[in-house]
Each structure stands twice: as C-alpha cells, then as structure tokens.
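S.K.: sequence plus the predicted model coming up.
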Amino acid sequence: MNPCEHSSERLNHPVRHSPRRWRACPALLPLLFLLLTRLLSFGQTYEAVSREISVFNFGTPFPSVEAISREVSVFNFGASFPSVEAVSREVSVFNFGAVFPSVEAISREVSVFNYRVPPLGFSVGSTNILGTEINQVPFTFLTLLDLTNLSLTLQADDSHLQILGVTPVSPEVVSVALGTVSSNGHPIAFTLNSGAIPATTHVLAWLNFQGITNLDSAIVPLIITHSTATRASGQVVPVATANGQVILIMTNSILVASAKPQFGITLYGLPGATYAIETTTNLALPDWQELERLFQGGPILPITGLTNTAAQQFYRTKQVGP
C-alpha cells in the first residue's frame, strides 16, 4: 500500500451506518480530525478497520466504537462514558475528557489511558484489640495525581477508643497534623511531596489508638468524612474513601458472621476462656440450644461446621469457664 493511503472497510457484522472510504496522506491528518468531528453525532455507532491510522474524535457523549488498527488507534472524546473496544498492533491511545469511561483494549506495543481526573482512593483498615491494648490500623492510599495536600475527618467513638496520633510511613508525606477533636470527629491533614508519591496502592500512615475500659465490648466503626485533595495547580479533586472498624473486647465476647467464601462465624473473646456456642430459630422463645464448647486460645477463634437449616437462624456465645 502507498504510505499516504488510508483505508477503512466494514467488519463482518452489520452496522447502523454505511462505512466511508477515503484516501489521504498523513500530512492531512488534522483535516481528518475536522471531517470526523463533523461526521460523528450523538448516539451513533461506528465500527472500523484501519490498516494505518484510526482516529475517532467525538464532541458529543456516549459514542459506541469498535475498531481494529494495525498501526495507531487514537480515541479522543470530549464527553463522559464512551464505550470503546479496540485492538491495536502498535499504539492505542484513549484520551477522555471525563472520568469512568468503559474501555476494553488490546495493544501489542503501547496502551495509554489519559483521563481528566484519574482515580484517587483512601481507606482506613480494621483490627481487633483487647482491653486497654494499644494498636494501629493503616491509612491506605492510591493516586496518580500530583497531590500536595490531603485532608479528612475521622469519626470514632471516643467513649471506646482514644486516638493517640498518626505516624507517616510513606516518602511523600512532608508532614501530618491531627487537629482538635470536635463533635464532627478528628481532623487530619497531610502535606505531600507530589514528586515522591508511589504509583501503586501503599500505606500512607498508621492511625494509633488505645481502648477505653469504662464500657463493655463493642464494634467501633472508623468512618472517613469531609475528605478533599489538592493538586499542585490548586485544583481540588474528589476522594473515594473506604471505612474500617475496631473490634474492642473488654469482658463479653463478640460474634461476627461472614457469608464469603462460605457461611462462617468468628468468635472474638478473651484468650484462655471457654465459650458455649448456642443457637435458636426464634428470639421470642427461651429455647436456646447449646451446639458445642470451645476453648479460646487467642483473641480470634473461627467457628466452623455451622449450617442454617431453618428460614432464620440465630447464634450467641456465653462464657462458661474458667
């Protein structure tokens, strides 16, 4: 084929619009962009096979594109949520003007996905503690942005947990400040070196805390609110957050059920104690039946072999010794 040729032909399955054939020199590529911008309109479906260059430039949202290119596939959308499936032997570049596009691509050389706001995630971990034990959970962080600041508010029940501080562990943390506690929670502010942020999910810092003994055992949620992040340009970007929890064991034990990967119950209790596992199908009747007795060798004891044989099944635990 002449190096200045560009061909486009139909795929084997039908399409809504007849394909257009053209021949152009690569020097006319900007003109192709302008022509395609005029040709493409809202809601249209395009399928293309190109031996040299496939360029899709959309100025309206929700285009659906399927393309196979032997050299270069460039998909440039000016609106959100395009659906793209592409196979390119050399370079696949997807440049979107908004977040959360749906993209499936196979490239033998390079695949570049460039989004206006890449994902930014921040989460707090979970753990369990005994009595007044001091412990910590991680703040986990992921971003591809040049962030300089990250701030949030951590809500935790002060009647069960005392927040002791935040210890940074990742190289991008320049400083961290734990603000004055208020009814809204514990404000935490990170100052970051945008050039030192790892590109993978990592532990940004540790949240240090201690149990308080004036109440009974409890599951204490760790909830992140009012989270914001700032880029080097001053742009404020949204943060996707995930909460954690602390299972605090004082005197009573706590049962936690899970359905994944299969039904099971974990007993959080006092090491060295013996517990009776009881069950019933009706909480209104005093007909609890003891299933087994288990020795708690550590703070966590998985209970296996339980099955639900009724429409509803309830379990409880009771310390029976020593």
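M.R.: Nice, thanks for sending it over.
S.K.: from residue 163, how far off is residue 283?
M.R.: Distance, residue 283 to residue 163, by C-beta to C-beta, to the nearest Å: 36 Å. Where you see a C-beta, it was placed from the backbone N, CA and C, and this is true even at glycine.
S.K.: these two - which one has more neighbours?
M.R.: Neighbour count, other C-beta atoms under 10 Å: between residue 283 and residue 163, residue 163 has more, with 18 against 10.
S.K.: so where's the stretch 101-250 of the chain shaky on pLDDT?
M.R.: 101-119 (pLDDT under 70).
S.K.: all strands of it, in order?
M.R.: For the stretch 101-250 of the chain, strands defined by DSSP state E, counting those that start in this stretch occupy the ranges 102-107, 110-114, 120-124, 127-130, 134-143, 147-155, 161-168, 173-178, 186-192, 202-211, 218-231, 236-237, 240-242, 244-249.
S.K.: from those, which stretch is densest packed?
M.R.: Of all these, strand 244-249 has the most neighbours on average by mean count of other C-beta atoms under 10 Å, namely a mean of 22.
S.K.: next, the angle strand 244-249 makes with the next helix or strand after that one.
M.R.: Moving toward the C-terminus from strand 244-249, the next helix or strand (DSSP states H and E) is strand 254-258. Put simply, strand 254-258 runs at 140 degrees to strand 244-249, going by axes from the mean of the first three to the mean of the last three C-alpha atoms, to 10 degrees.
S.K.: parallel or antiparallel, which strands does strand 254-258 pair with?
M.R.: Taking DSSP bridges as the criterion, strand 254-258 sits next to strand 264-268 (antiparallel) in its sheet.
S.K.: next, count neighbours for the closest residue to residue 158 other than its chain neighbours.
M.R.: Leaving aside its sequence neighbours, residue 158 sits nearest to residue 181 (C-beta to C-beta, 6 or more residues apart in numbering; 7.1 Å). When neighbours are counted by other C-beta under 10 Å, residue 181 registers 13.
S.K.: care to break the chain down by domain?
M.R.: 8-114, 120-249, 254-321 (automatic domain parsing).
S.K.: and the end-to-end length of stretch 234-246?
M.R.: 35 Å (C-alpha to C-alpha, to the nearest Å).
S.K.: now stretch 175-193
M.R.: Start-to-end span of stretch 175-193 (C-alpha to C-alpha) is 10 Å.
S.K.: so what touches it?
M.R.: 147-156, 158, 163, 165-166, 168, 171-174, 204-205, 223, 225-226 (C-beta atoms under 8 Å, 6 or more residues apart in numbering).
S.K.: residue 152 touches residue 124, doesn't it?
M.R.: No: the criterion here is C-beta atoms under 8 Å, and residue 152 misses it with residue 124 at 9.1 Å.
S.K.: residues shared between the contacts of these two?
M.R.: Common neighbours of residue 152 and residue 124 (C-beta under 8 Å, 6+ apart) are residue 224.
S.K.: the one helix or strand residue 279 maps to to strand 254-258, inter-axis angle?
M.R.: According to DSSP H and E, residue 279 maps onto strand 274-280. For strand 274-280 against strand 254-258, the angle by the same axes, to 10 degrees is 50 degrees.
S.K.: can you list the strands that strand 274-280 pairs with?
M.R.: strand 289-295 (antiparallel), strand 314-321 (antiparallel).
S.K.: and of the ones you listed, who's closest to residue 236?
M.R.: For residue 236, the closest of the strands paired with strand 274-280 is strand 314-321, at 46.9 Å, according to C-beta to C-beta.
S.K.: which positions in that closest one come out as buried?
M.R.: Across strand 314-321, burial judged by 16 or more other C-beta atoms under 10 Å covers 315, 317.
S.K.: and it, average pLDDT?
M.R.: The average of the pLDDT scores along strand 314-321 is 92.
S.K.: which residues touch it?
M.R.: For strand 314-321, the external contacting residues (C-beta under 8 Å, 6+ apart) are 252-253, 255, 257, 265, 267, 269-270, 273-281, 283, 288, 293, 306.
S.K.: restricted to buried residues, select these in ChimeraX.
M.R.: Buried members of those can be picked out in ChimeraX with the line below, counting by 16+ other C-beta under 10 Å:
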select :253,265,267,269,270,273,275,276,277,278,279,280,288
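S.K.: count of neighbours near the nearest residue to residue 194 once chain neighbours are set aside?
M.R.: Leaving aside its sequence neighbours, residue 194 sits nearest to residue 146 (C-beta to C-beta, 6+ apart; 3.9 Å). Residues contacting residue 146 under the criterion other C-beta under 10 Å number 15.
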